[in-house]
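**Student:** Sequence first, then the predicted structure, then my questions.
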Amino acid sequence: MHDLNQRAQELHRRLENIKKYFNIENKKKDLSGLEAKSMDPNLWDDQENARRLMQNLDFLKKEIEDYKSMDEEVAALLSLSQENDLSKEFAKDIETLGKRIDKFELKSFLTEAYDAKNAIVSIHAGQGGTEAMDWASMLFRMYLRFCERRNWKTETLDISEGDEAGIKSVTFKVEGAYAYGYLKGEAGTHRLVRQSPFNADKLRQTSFALVEVLPELEETDLPDIQIKDEDLEWQFFRASSQGGQNVQKVSTAVRVIHLPTQVTVTAQTERFQEQNRKIALNLLRSKLWLLEQAREEAQKKDLKGEYRPASWGNQIRSYVLHPYKMVKDLRTEVETADPDAVLDGELDQFIDAEIQNP
């Protein structure tokens, strides 16, 4: 009984700390503003903007409801605790509420400008041919399963299939509250050690894949980044990925090169060229933002010379399937002996630790 009372008091203390950064009144004002905009009869003239507004409205509404629900439950438990009426039957309720507060507390670490945005994730197979391409495919499935567990929507924007198996590269969008904030720590090189399924001798093989994570940014998010028409070189081609007849027979796929920086992006999964052009421009905008961030970071560190995204040298996690089983994060030291669960999308312990990593 005394232990349950202490746990109820601790939940109350933690929720009070959450109140300091959550600011319920400001959230309610933001919600009212979005609800007013959603009533605009001309809202759906721009379907992409309307869809994004409704998504933000749903995210904010759910966040406020979750907070209010936790506040009410903690208040009820605290009242029972003060009356010494907190019986063992409430132990499970306290444990469940504690886990909900755990997840909410993580948001206090997601305070960067674009942490609440959708994410754009790219996976690139490293050197090693079919082995590396199969590893890239395994990572793609891992992230799709992680997003599925969180009820986040995913959309493949560009994919290049491997010659024999796996994928050479893939870019996909993740739509969900704080998707970028949660996933940005996954950027870097992921290393796999296993017995080769493509070698008759089943030799031990090491493969690498690079993961890039960007926020989905709009023109209004980055007023200082100007993309001029004369700085763009557009190329159009037939999509190589599976799709409808229109995708396969018409040059719907697009590639755009930003001439001043030589940053190149591709989009080919939508049925119409104009849709792929919009996707490519958003991808380009995000990559130019990342380039600018890296330059600013280099200036802070007084680094000289041209910026190069040397992410391949940034190995963040090792996945060992043979001769023993282990997944270990090289930054936080978090590890598990169950790589099958991790590769099936159970990434929370790694992502949560990295978010809280100073």
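**Tutor:** That came through fine.
**Student:** Low-confidence stretches in this protein?
**Tutor:** By pLDDT under 70, the low-scoring segments of the chain are 1-2, 83-87, 240-250, 298-312.
**Student:** By residue count, tell me the biggest strand in it.
**Tutor:** In the chain, taking DSSP state E as the definition, the longest strand is strand 204-215.
**Student:** Quick one: the helices in the stretch 201-350 of the chain, in order.
**Tutor:** Using DSSP state H, counting those that start in this stretch, the helices found in the stretch 201-350 of the chain span residues 245-249, 273-300, 339-343, 348-355.
**Student:** right, so of those, which gets closest to Asp224?
**Tutor:** For these, the distance to Asp224 is smallest for helix 273-300, at 8.4 Å, taking Cβ to Cβ. The way it works is simple: take the backbone N, C-alpha and C, and place the C-beta from them, glycine included.
**Student:** re earlier: orientation of the longest strand of the chain relative to helix 273-300 in degrees?
**Tutor:** 100 degrees (axes from the mean of the first three to the mean of the last three Cα atoms, to 10 degrees).
**Student:** so what secondary structure elements neighbour strand 204-215?
**Tutor:** strand 119-125, helix 130-149, helix 179-183, strand 188-195, helix 273-300 (3 or more Cβ pairs under 8 Å, 6 or more residues apart in numbering; DSSP states H and E).
**Student:** Next, the angle helix 130-149 makes with that strand.
**Tutor:** Using the same axes, to 10 degrees: strand 204-215 against helix 130-149 is 50 degrees.
**Student:** Partner strands of strand 204-215, with direction?
**Tutor:** Neighbouring strands of strand 204-215 in its sheet, by DSSP bridges, are strand 119-125 (antiparallel), strand 188-195 (antiparallel).
**Student:** returning to that earlier point: so which of the helices and strands packed on strand 204-215 is nearest Phe59?
**Tutor:** Proximity to Phe59 (Cβ to Cβ) singles out helix 179-183 among these, at 10.0 Å.
**Student:** Now do the closest one: distance to the chain's middle.
**Tutor:** 4 Å (Cα atoms, centre = their mean, to the nearest Å).
**Student:** contacting residues for the spatially most central residue of the chain?
**Tutor:** Closest to where the C-alpha atoms of the chain average out (Cα atoms, centre = their mean) is Leu183, at 3.3 Å. The contact partners of Leu183, by Cβ atoms under 8 Å, 6 or more residues apart in numbering, come to Ala119, Val121, Tyr143, Val174, Val213, Ile351.
**Student:** now the helices and strands packed on strand 204-215 as CSV including distance to Lys62?
**Tutor:** Converted to CSV, the helices and strands packed on strand 204-215 look like this (distance: least, Cβ to Cβ, whole Å):
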stretch, distance to Lys62
strand 119-125, 18
helix 130-149, 17
helix 179-183, 14
strand 188-195, 30
helix 273-300, 25
